[in-house]
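Participant: Okay, structure incoming, though there's no sequence with it:
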């Protein structure tokens with residue numbers, strides 16, 4: 001084979017390689033949109049699955065049961081040590097900014113008031129605070145009056161009490177801001193108002209740690225619940241150990257008479273040191289009460305416990 005023939009053969013092999021390379025590149029470029037489309041379809045299917053799970057079983061990873069008759073049906077050993085609650089995509093339960101009674105011990109009744117009372121008039125629309133499913137719609141003459149319990153996708157259960165009318169039924173899925181009832185004065189109530197509670201598996205969370213009613217906003221994007229903050233702020237059934245030792249009777253409110261926590265709303269220009277000095281407590285005590293360090297960043301509007 002002469003040099004000319006070898007050169008032609010080499011050129012042919014080169015051109016064939018280029019053709020194959022171009023074809024492979026074309027195939028890869030054609031496959032890339034397909035792969036992206038498959039990933040997009042997979043993500044869409046996953047999101048739809050998550051949404052369906054949230055609709056059918058809100059916070060299914062946290063709650064193991066769905067009880068539509070008993071408001072306080074959880075035991076203390078179900079409560080996690082810590083849990084981050086997503087406060088985004090919220091709605092204020094009412095447009096009212098006036099708080100008439102806060103969470104705390106009531107010596108006159110010898111018990112704790114475990115919710116926030118907001119002044120509303122009879123017939124005023126009450127709305128769901130977050131997306132979720134209605135667990136209970138009921139009437140309790142010696143307490144809540146007409147009330148609603150909603151389990152939300154973020155782990156919270158909210159209670160709306162003393163209503164004049166229910167606008168939803170059990171197992172209804174509601175969106176944040178959707179009307180669920182009308183303000184009233186039913187049950188154990190001395191004037192028209194909304195009694196609003198926030199709970200996590202029966203553990204009471206002060207609504208003012210989550211909602212800023214005067215400013216019609218939430219206190220932040222997230223709230224981290226700590227079981228150790230309020231070890232006795234709980235209503236439900238006795239835990240397994242408690243029933244065994246007969247320390248806590250089932251279906252009772254086992255709440256010790258401890259001094260209620262107080263709260264400070266951070267103002268512009270304040271820092272942890274200046275707040276501790278203003279509240280006349282040590283910086284270490286302030287940090288310990290809020291599970292933060294002395295170098296933690298705080299922002300105006302943030303709620304601190306002391």
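Facilitator: Received, thanks. Everything numeric here is computed off the predicted structure, so don't read it as measured data.
Participant: Now do stretch 216-223, average pLDDT.
Facilitator: For stretch 216-223, the mean pLDDT works out to 92.
Participant: Same question for stretch 78-97.
Facilitator: 94.
Participant: Give me the distance between the two termini of it.
Facilitator: 34 Å (CA to CA, to the nearest Å).
Participant: So residue 148 sits against residue 169, correct?
Facilitator: No: contact criterion CB atoms under 8 Å: residue 148 and residue 169 do not qualify, at 9.8 Å. In short, each C-beta sits where N, CA and C put it, glycine included.
Participant: out of these two, which sits in the busier spot?
Facilitator: More crowded of residue 148 and residue 169, by other CB atoms under 10 Å: residue 148, with 26 against 9.
Participant: which residues does residue 192 contact?
Facilitator: Applying CB atoms under 8 Å, 6 or more residues apart in numbering, we find residue 192 in contact with 119-122, 162, 183-185.
Participant: In contact with residue 65, which residues?
Facilitator: Contacts of residue 65 (CB under 8 Å, 6+ apart): residue 73.
Participant: Relative to residue 205, how far out is it?
Facilitator: Applying CB to CB, to the nearest Å, the value for residue 65 to residue 205 is 20 Å.
Participant: just residue 211 next, same as before
Facilitator: 10 Å.
Participant: where in the stretch 51-200 of the chain is pLDDT low?
Facilitator: For the stretch 51-200 of the chain, the stretches with pLDDT under 70 are 51-57.
Participant: Tell me which stretches of it form strands.
Facilitator: Ranges of strands in the stretch 51-200 of the chain, per DSSP state E, counting those that start in this stretch, are 82-86, 99-101, 104-106, 111-113, 116-119, 125-127, 132-140, 145-152, 157-163, 165-166, 173-174, 179-182, 193-200.
Participant: Quick one: those strands as CSV, columns for distance to residue 76 too.
Facilitator: Shown next, in CSV, are these (distance: least, CB to CB, whole Å):
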stretch, distance to residue 76
strand 82-86, 14
strand 99-101, 26
strand 104-106, 19
strand 111-113, 16
strand 116-119, 23
strand 125-127, 30
strand 132-140, 19
strand 145-152, 18
strand 157-163, 15
strand 165-166, 30
strand 173-174, 28
strand 179-182, 28
strand 193-200, 12
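Participant: Would you map the helices across the protein?
Facilitator: 3-56, 240-245, 272-279, 283-290 (DSSP state H).
Participant: if you average pLDDT over each of those, which comes out lowest?
Facilitator: helix 240-245 (a mean of 39).
Participant: wouldn't residue 305 be in contact with residue 289 here?
Facilitator: Yes: contact criterion CB under 8 Å: residue 305 and residue 289 qualify, at 4.8 Å.
Participant: follow-up on the earlier one: show me the one of the strands of the stretch 51-200 of the chain that comes nearest residue 220.
Facilitator: Nearest to residue 220 among the strands of the stretch 51-200 of the chain is strand 82-86 (10.1 Å), distances taken as CB to CB.
Participant: quick one: strands adjacent to that closest one?
Facilitator: strand 222-226 (antiparallel) (DSSP bridges).
Participant: Which of the residues in the partner strand are classified as buried?
Facilitator: The neighbour-count check on strand 222-226 (16 or more other CB atoms under 10 Å) flags 223, 225 as buried.
Participant: tell me the angle of it relative to helix 283-290?
Facilitator: 100 degrees (axes from the mean of the first three to the mean of the last three CA atoms, to 10 degrees).
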